[in-house]
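1. Model the following, please.
(one chain, ligands or ions: 1)
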Amino acid sequence: MKEKIASREAEIAVVGLGYIGLPTAIMFANAGFNVTGYEIREDVVKKLSNGSSHIVEPEIDELLKTVLQEGTLRVTSTPEDIKNKDVYIICVQTPLNQDKTPNLQYLKSAVKTVAKVMKRGSLIVIESTIPPLTTVKMGELIEKERGFKAGRDFYLVHAPERVMPGRIFKELVYNSRIFGGINEESAELAELLYRSFVKGQVFKTNSTTSEMVKLMENTFRDVNIALANEFAFLAHQYRVDIFKAIELANTHPRVRIHMPGIGVGGHCLPKDPYLLLSFAREDLGLIKKAREINEDMPLLAKDLLVEALKTINLPLEEAIIAVLGLAYKGNSDDIRNSPSYEFIEHIKDDVKEVRSYDPYVGGTHEKLEEAVTGADAIIIATDHEEFKSLDWESIGKVMRSRVLIDGRHIIEKPPKGFLFKGIGRGEY
Ligand code: SAJ
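-> So this is what the prediction gives:
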């Protein structure tokens, strides 16, 4: 197998062509391997076969067209087309169930598909973010399906990714990578394979450590954002601008406080802490509490809105509210677990009308001007670049009342004539 990988003759199948699988398939094809992308969503396969990506990401369309034209990447929804491959890379989603337990059905179904078509000696890489011990369990699942023993009859590795949407192709190449093998030989094979495009540092460990590392990275971030959010909550009581305080605290050589905001969205941070805890018998409560704090931040934004409307004596039920930003983070069209929608859920039954505008996602109004005309309050819920240079004087002229709530620290100096409140802006 080593020689086949080194000579780029190894045949690769990438299972799951989402925001990780598709760029990964493209990178391996670009590195000279013959890659078959397998995706159960036939509409996605159709779109990709026509050379256009269902993922919004810089460079992806031209890279996709190149590898399709060169024939180094083919896409399919037929399992037969990925039979007897040397390498299988599984990049399927691992969402949570309603009760915050891990939903591994997509992973299990992908692993069962691979078990049916793989051959003895295949290398199987799971890139999905999974609870600790899951790779071992998937190895047992394959053994049950095919009688192949992980580490003896096939190679098995967990290889988490850390790419940031919007920078995926750069980070796929330059980020450091971790390969957690079911045994050392598996991790070494994965390193050889990914070295075909990875220029970052490579670290090898066992699969359970690798699964924990990935979840710890995002849990670290989530807990630190929750700490920043609690600092913001306190700032309102001490009448302090928490952003100025954070800036000063971060001048300490070993302090890096994160940014408070209207909430924590995306498909990772709201989920990964729960994955980390899911197969543990007990925990100490910090990680769960941090999740609750972040999940409640849209309520803090609502409190600021209610307080502001009371100040101008406008009854809630008469208020027209314009929410600027629906995406979970700035300059993205991704709305998964976006706090904007949580916020809208919390206010929609109390106010007269909720409007929304997002330059990447759309909303109730296609134009910002329409969304704010006649509105009483504006809430900035996403840190899109566009919102940092708005003409507040003209916006103020078309609003009915002029309340401005900043949920993402977009506004440095509140515009004249507005009643301003911001998360963590305790001085207002
Ligand atoms: N956020 C804050 N305050 C902050 C930073 C972020 O409120 O200081 C909010 C953002 O507005 C957003 C959410 O948290 O709603 C998540 O933001 P993010 O910047 O963490 O973005 P993700 O979820 O797309 O990316 C994270 C990254 N993980 C880390 O930085 C440790 C990325 O490297 C991972 O690859 C990705 O999760 C993933 O797929 O796991």
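
2. burial of the nearest residue to Glu345 once chain neighbours are set aside, as a residue count?
-> Nearest non-adjacent residue to Glu345, counting by CB to CB, 6 or more residues apart in numbering: Pro298, 7.9 Å away. C-beta coordinates here come from the backbone N, C-alpha and C atoms, glycine included. Around Pro298 there are 23 other residues, counting by other CB atoms under 10 Å.

3. residue contacts, Pro298?
-> Neighbour list for Pro298: Ile262, Gly263, Pro339, Glu342, Phe343, Glu345, His346 [criterion: CB atoms under 8 Å, 6 or more residues apart in numbering].

4. Where does it fall, secondary structure wise?
-> Assigned by DSSP states H and E, Pro298 belongs to helix 297-311.

5. what comes up buried for the helix ranked longest in the chain?
-> In the chain, with assignment by DSSP state H, the single longest helix is helix 207-238. Going by neighbour count (16 or more other CB atoms under 10 Å), the buried part of helix 207-238 is 207-208, 210-215, 217-219, 221-223, 225-226, 228-229, 231-233, 235-236.

6. Can you confirm whether that helix lies near the ligand?
-> Yes - contact between helix 207-238 and the ligand, assessed by CB under 6 Å from any ligand atom, occurs at Glu217, Asn218, Arg221, Ile225.

7. interface residues of this protein facing the ligand?
-> Counting by CB under 6 Å from any ligand atom, the chain sits next to the ligand at 162-165, 217-218, 221, 225, 258-259, 261, 264-266, 268-269, 328-329.

8. Just the buried residues from these, in PyMOL please.
-> Applying 16+ other CB under 10 Å to these, the buried members can be selected in PyMOL as follows:
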select buried, resi 162+163+165+217+218+221+225+258+259+261+264+265+266+268+269+328+329
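
9. Out of the residues of the chain next to the ligand, list just those in helices.
-> Glu217, Asn218, Arg221, Ile225.

10. How about the second one: what's its closest non-neighbour residue?
-> Going back to what we said before, that points to Asn218. Asn218 sits nearest to Asp272 (CB to CB, 6+ apart), 3.9 Å away.

11. just to revisit the earlier point, as JSON lines, the contacts of Pro298 with pLDDT would be great.
-> As requested, those are arranged in JSON lines below (pLDDT from 0 to 100):
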{"residue": "Ile262", "pLDDT": "98"}
{"residue": "Gly263", "pLDDT": "98"}
{"residue": "Pro339", "pLDDT": "98"}
{"residue": "Glu342", "pLDDT": "98"}
{"residue": "Phe343", "pLDDT": "98"}
{"residue": "Glu345", "pLDDT": "98"}
{"residue": "His346", "pLDDT": "98"}
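
12. Roughly how far does Ser394 sit from Leu368?
-> From Ser394 across to Leu368, the span is 10 Å (CB to CB, to the nearest Å).

13. same deal with Thr205?
-> From Thr205 to Leu368 the distance is 48 Å (CB to CB).

14. Those two: which is more packed in?
-> More crowded of Thr205 and Leu368, by other CB under 10 Å: Leu368, with 20 against 16.

15. who are the neighbours in contact with the more buried one?
-> So Leu368 contacts Leu324, Tyr357, Pro359, Leu390, Ile395 (CB under 8 Å, 6+ apart).

16. tell me the pLDDT at it?
-> For Leu368, the pLDDT comes out at 98.

17. What backbone torsions are found at it?
-> phi -60, psi -40 (degrees, to the nearest 10).

18. Okay then, goodbye and thanks.
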